[in-house]
Structures are given as C-alpha cells and as structure tokens.
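In: Okay, here's the prediction I keep looking at, along with the sequence it came from:
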Amino acid sequence: MSKSKILFLIILMFPLFLSAQEKGYKIDVCVNGLPNTSVLLAFYFDDGTYIKGNGKTDAKGNVHFSGDEKLNRGVYFLVHDSLKQKMFEFVVADDQHFSIKTDKADYYKNFKVDGSTENDVFYQNLQFNAQQNLKAAPYTAIFQDSTASKEDRLQAEKELMKINDEVKSFQSALVKKYPTAFITKIIKARETIPSSSDPAHVGDSTYQYYFFKNQYWTKIDLADDGMLRLPFTLITNKINEYFDRVLIQDPDTIISEINKLVEKAKPNQEMYKFVVWSLTSKYYAPQVMGLDQVFVHLSDAYFESGEMDFWANDQMKLNITSRAGQLRLSMLGMQAPNLIMQDVKLQPKSMADIKNKFTIVYFYDPDCGHCKKETPVLADFVNKTKFDVQVYSVCADTSLVKMEKYITEMHMEQWINVNGPRSYVGSYQDLYDAFQTPTLYVLNEKKKIIAKKLPADRLEEFLTRYSSAQK
C-alpha cells in the first residue's frame, strides 16, 4: 500500500478515534421560550435529589453543562432555579456528549435529542406512557366517581386492563430491541416476579416461596450504580422488602443472604458501598430481637476487616466497631455477664446467686418517665405469673435515696435491687448495652440470654412460648 493511502486512512480514522475516546461530559440544552434564566443540573440518588451544576440560558434559551470527569450514570433533570420547579428528565449513561432541544410550552412533547441513543429510547417509553395515561384518564375518573354504576366500573376495569397490556407489550418490544439500554434495566427492575408456571408445583406454597426468593434479585443489575439514581427509590426499597418480608427473621439466614447480596454488588464499587452501608444502617438498631448479631457480622466483615477502607474514614469505622463491641457481649444465646453490685445497704449482691428458673435483669432510672410506666407492668407480671422468676433490678442513678424511694413506690421490695454505678464488675452499660432505660433481659436457669429489650407486657407470652419449645 502506498504511503499516501496509509496517510489517508490515518486521517480518516483519527476523528473516529477521538469520538470513541471522548472524556468527561458535555450536555448542550436549548429550551425555546426560556431566555436568560438560571437552571440547575440535578440528579436523583436513593430517596433524595442533589445539585450537580448550574448555568444560565442565553437570549435563545441555550445553556451548556460540561466537566472533565464523566457523570455518574442515572436519571438527571433540569430545574428552573427561581421557580424551584423540575423541568424535564433525561438519562446519563455511557454517551455523555449530546444535545437536547425542547420548548417551554411542553418540555416532553417537544423533546428532541441528538447524540444519545439512550435518551431516544428513554423518551420513546416516556412519551408512550404519557399517551396511555391520557387514554386511561376517563376510566380512572369512573373509579373516583362514587355515583358510577357497577356496570360502568366493570367496563372501566376492562379498558384499563387493555391499556395496561398495551404498555406491557410496548415495553416488552423495547426491551427486546434495546436489551442493553438503561431504560431496559429500569423496566426489568420494576417487573413483578410471577409465580412458577411449573404444573408440578401449582398450589405448592413452599416451592412458590423459594421460586420467588430465588428470582428476587435476578432482574436488578447490581453491577450498574445507575440503579441508585432513579426517580423512585429502588435498591433501598428492595433491600427492605427482601430482608423484612421475604426472609425468615433469623440472624443466620439474614447473614447468609447479606453475604450473597454483597457479593453480587461487589463488581461495582459504588453499589458495593451503598449496599453495605444500607444494611449496616438497617441493623444498627434492629426492631426484631436477636438481629443485633447481624450488625456485629457487618462490622467485622466489612469495617473491622478493612473492606470498606476505600470509603469509610477512621471516625465512621470507630463508630461502627464500637457499637459492635457494645452488642457483642450480650447477644441472644450467650452466657450473660455476671453482675455484682451494692444494694441500698451497700451489701454486694451477685446475679449468679439467683437460683430461680428465670432471671429478669431490669435496668431503670428513677427519673425516667418511661420507666415509671414500665416498672408497674413488670411488677404486675411478677406478682401474677406462674413462672419461677426473680428480678435483678439495676438502678442507673447514683442516689441511694432516690433508689430506695422508687423501690417502695413501685412495690419492688421482693426483687434483688442494686445500684448500677456501685459495681464490682465494671460498667453494666457496656456489659448489657443498657445505655437507655428501661432495658430488660431474660435469662434461663443457666444464665444464658434468651430475650433482650423485651417489653414487660410481653413477658408472659414469651415465657409460655419458650417453655413450650423446650419440652
């Protein structure tokens, strides 16, 4: 090949190479009818919205947004700054050099994009849904009309089902035609998980449960952090539904599923960080008894280990690992740390000396309003229950005068009453994560923790179930 032909090919290919290697982002916007106006470039993240940049339109409505680094993937939108109104949304994916033209009269109807296939597809879906909503409006109105007849409602329901089927059909075709598009990922993520159609398992609730569970995360691309930047909260809602409603509320089950989910998210650092942090926040103060073990696992596996060092600073790690340390000594199933404290006569009283079948460890403060409501409930339980129980009550206040008065007023004389600050074994707060009052633990005859932070009005029910399970 001659040198002139080689040179020609190099010149021809050079612009293509530059296009493929475009860096940063450059979004040119023209909004007809919106001159000399401040606008903001914003994006969604989880359940919030955040500002990325700002600009001002010229006399013709042109405004430009650019940067040396690529934008994070997701759905972005422009905001009319002075009116604090959202103007229109668009997608930021891999193609980040594009232009948008529209009109203030109707942003979406007049929307045109050049240089972004992702936004072409995004707006095909958006505009089709808008048309379908218009078709559905009169039928929706019938359901809102209390005077509508039963026949009208049935007919409206049929028409709405047709419209819904049309949307499904359109989106199915869109997914098939553009399998890697960002909008395709959004559509798949919002699809309802169907029941198994296997005729051998119709009506088998156990099989259907595991089928649903195994399908739960298959349609969500956890390797794409753009799933965090949507106009609706996706990942957090999915996490809450899965761990609260789909899974059995057992720490071993939850820990196993956490490890699986985190592994799915790990290829994308942003998603990895988000999933770990969401779960850590979720189980920092779990509502279900016994799940503090989950938080301890998260602390050990992802913070103490250094896994999150690429993001978590020293203070965050200290907060998390310190909290795990507080929980670690008093988890369900563990041997309860012994308490030895002075009573009102300054005599040492050891919890280990209690010979009853069940020991209730009760931490209270005489000035605590909630304690004043909870203590009589506990006293009533102790007086009426058929179970062999003794209460080891720990006063958080240093004042023996207050403590003695409280014991008398609350009829606690038959309990073992001690003063928490007058301890022979260190801080009871650290040993039992009892930084708030009232706090109540239940121990069995071997002094193992079988319940923690249980309301007093649930003691009878709990001990009944526990005793039945031991038979």
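Out: Done, it's in.
In: Only C-alpha atoms from now on, for both contacts and neighbour counts.
Out: Noted.
In: Helix, strand, or coil at residue 63?
Out: Under DSSP: H, G, I helix; E, B strand; the rest coil, residue 63 falls in the strand class.
In: so it sits right up against residue 32, yeah?
Out: No - counting by Cα atoms under 8 Å, residue 63 stays clear of residue 32, with 11.1 Å between them.
In: Compare neighbour counts for the two and give me the winner.
Out: Neighbour totals were compared for residue 63 and residue 32, and residue 63 leads with 21 against 17 (other Cα atoms under 10 Å).
In: any idea how far the more buried one is from residue 99?
Out: 10 Å (Cα to Cα, to the nearest Å).
In: shared neighbours, those two?
Out: 28-30 (Cα atoms under 8 Å, 6 or more residues apart in numbering).
In: All the strands of the stretch 1-150 of the chain, in order from the start?
Out: Under the criterion DSSP state E, counting those that start in this stretch, the stretch 1-150 of the chain contains strands at 25-32, 38-45, 48-56, 62-67, 74-80, 85-92, 97-103, 112-114.
In: so can I have a markdown table of those showing mean pLDDT?
Out: Formatted as a markdown table, these follow (pLDDT from 0 to 100):
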| stretch | mean pLDDT |
| --- | --- |
| strand 25-32 | 98 |
| strand 38-45 | 98 |
| strand 48-56 | 97 |
| strand 62-67 | 97 |
| strand 74-80 | 97 |
| strand 85-92 | 96 |
| strand 97-103 | 97 |
| strand 112-114 | 95 |
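In: which one of those strands lies closest to residue 432?
Out: Of all those, it is strand 48-56 that lies closest to residue 432, at 36.4 Å by Cα to Cα.
In: what's next to the closest one, contact-wise?
Out: Under the criterion Cα under 8 Å, 6+ apart, residues 36-44, 62-65 lie in contact with strand 48-56.
In: Most neighbours out of those residues, which is it?
Out: residue 43 leads the contacts of strand 48-56 on contacts (other Cα under 10 Å) with 25 neighbours.
In: Identify the bridge partners of that residue.
Out: With DSSP bridges applied, residue 43 shows beta-bridge pairing to residue 50, residue 76.
In: tell me the secondary structure for the most centrally placed residue in the chain?
Out: Compute the mean C-alpha point of the chain, and by Cα atoms, centre = their mean the closest residue is residue 236, 3.5 Å away. Three-state call for residue 236 (three-state DSSP): helix.
In: Does it touch residue 278 like I think?
Out: Yes - judged on Cα under 8 Å, residue 236 makes contact with residue 278 at a distance of 7.2 Å.
In: Might you list the low-confidence residue ranges for the stretch 51-200 of the chain?
Out: By pLDDT under 70, the stretch 51-200 of the chain has no low-scoring segment.
In: Please report the distance of the nearest residue to residue 221 once chain neighbours are set aside from residue 175.
Out: Among residues not flanking residue 221 along the chain, residue 185 sits closest, at 6.9 Å (Cα to Cα, 6 or more residues apart in numbering). Applying Cα to Cα, the value for residue 185 to residue 175 is 8 Å.
In: now do residue 126
Out: In terms of Cα to Cα, residue 126 sits 14 Å off from residue 175.
In: Please apply the same query to residue 291.
Out: Taking Cα to Cα, one finds residue 291 at 40 Å from residue 175.
In: cool, and residue 390?
Out: With Cα to Cα as the criterion, residue 390 and residue 175 are 65 Å apart.
In: so what pLDDT did residue 348 get?
Out: Looking at residue 348, its pLDDT reads 98.
In: and if you look at residue 15?
Out: 49.
In: same question for stretch 304-313, mean pLDDT?
Out: The predicted model assigns stretch 304-313 a mean pLDDT of 96.
In: Residue 214: neighbour count?
Out: Number of residues near residue 214 (other Cα under 10 Å) recorded here: 10.
In: Residue 399 too?
Out: Residue 399, neighbours per other Cα under 10 Å, totals 13.
In: hmm, back to that, nearest to residue 363, of the strands of the stretch 1-150 of the chain?
Out: Of those, nearest to residue 363 by Cα to Cα is strand 48-56, at 39.1 Å.
In: Report the buried residues of that closest one.
Out: Using 16 or more other Cα atoms under 10 Å as the burial criterion, the residues of strand 48-56 that qualify are 54-56.
In: returning to what we had before: out of the contacts of strand 48-56, which two sit at the greatest distance?
Out: Greatest spacing in the contacts of strand 48-56, by Cα to Cα: 36 and 44 (25.6 Å).
In: where do the helices sit along this protein?
Out: Using DSSP state H, the helices of the chain run over residues 3-20, 117-144, 150-177, 182-190, 205-215, 235-241, 251-265, 269-282, 292-298, 314-328, 369-384, 400-409, 428-432, 459-470.
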